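Asker: Give the three-dimensional model of this entry:
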Amino acid sequence: MPITTPTSPRARVWPLLFILLVCYAPVWGQTCNAPTNLGDAGTGTSSANLYWYYATAPVANSPFELQVRVSGTTSWSTISDIPNPTANTYTYYLVPNLTPGTTYQWQVRSGCSPYSTSATFSTAACVPPVYLDARVVLPTSARVTWSGPTPITLEWQQQGSTTWNTVASLTTAGYSLTGLTNNTAYQFRVQTLCTATQNSSFSPPFSFTTGCQRPTSPGTYEVGATSV
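Answerer: Numbering: from 1, shown residues only. Model prediction:
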């Protein structure tokens, strides 16, 4: 009958730990590749639509973390928990609340990767609308138009007046002025509302003159003879 030597519980644990270390040590602390091909798909005065490419990685579906800062500064603003739906695809993210006419630096990483190489983008400057015009000018009304981002503040007045009439927060590229006086010169100007705290200057005024009011039909009258 063979003689067996009893082993202690500790002795039986060591082989199991060895197996775990050999099999799973490469996974523990494993990192994946950083996102690449950073770019912007368009910027406004206060936002930017950023994108990046994320290749196949050992850890799938880990959320992205994006950092943005004004170029030349040292403090990052961090946006976390951006969904990462799949690998080998581009991800787009709209960054809001930016300052008009400003250059930014940004970088992004997945939950398991280092940060990407940084890239830059610039927001559009806060400028007034352009191509002001007055169309369908009638004796008592006119359609005024312009081109530019919205919302818009419109101001108009009769030429020579010191007071402007204001129409705020327009979201279209035109507005119909009514109640005007015929055969009278008017002017209007517009301003872009870029952010909650920043507006553009007003555009140079655009002038137009309303049409003449056509006289109504005089009708038919009988003129009696006068004897002298």
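Asker: can you give me the helices for the protein?
Answerer: 9-24 (DSSP state H).
Asker: Report the central residue of it.
Answerer: The geometric centre of the chain, computed from its C-alpha atoms, lies nearest to residue 47 (CA atoms, centre = their mean), at 3.5 Å.
Asker: quick one, phi/psi of it?
Answerer: With angles defined as degrees, to the nearest 10, residue 47 sits at phi -150, psi 160.
Asker: what about it, distance to residue 41?
Answerer: 11 Å (CB to CB, to the nearest Å). Yep, even glycine has a C-beta here, placed from its N, CA and C like the rest.
Asker: which residues does the nearest residue to residue 179 once chain neighbours are set aside contact?
Answerer: What sits nearest to residue 179 in space, not counting adjacent residues and going by CB to CB, 6 or more residues apart in numbering, is residue 140, at 6.6 Å. Applying CB atoms under 8 Å, 6 or more residues apart in numbering, we find residue 140 in contact with 178, 179, 180, 181, 182, 210, 213.
Asker: got any ranges where the protein has weak pLDDT?
Answerer: Filtered on pLDDT under 70, the chain yields the residue ranges 1-31, 56-61, 85, 215-228.
Asker: hey, where'd the strands end up in it?
Answerer: Shown for the chain, the strands assigned by DSSP state E span residues 36-43, 48-54, 64-70, 77-82, 89-95, 103-109, 119-122, 130-135, 141-147, 152-158, 165-170, 174-178, 185-192, 206-209.
Asker: what's the closest of those to residue 200?
Answerer: strand 185-192 (4.1 Å; CB to CB).
Asker: Direction included, what does that closest one pair against?
Answerer: strand 152-158 (antiparallel), strand 206-209 (antiparallel) (DSSP bridges).
Asker: Please convert those strands to a markdown table, extending it with distance to residue 197.
Answerer: Compiled in a markdown table, the strands paired with strand 185-192 are given as follows (distance: least, CB to CB, whole Å):
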| stretch | distance to residue 197 |
| --- | --- |
| strand 152-158 | 14 |
| strand 206-209 | 27 |
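Asker: Just name the most buried of those.
Answerer: Of all those, strand 152-158 has the most neighbours on average by mean count of other CB atoms under 10 Å, namely a mean of 19.
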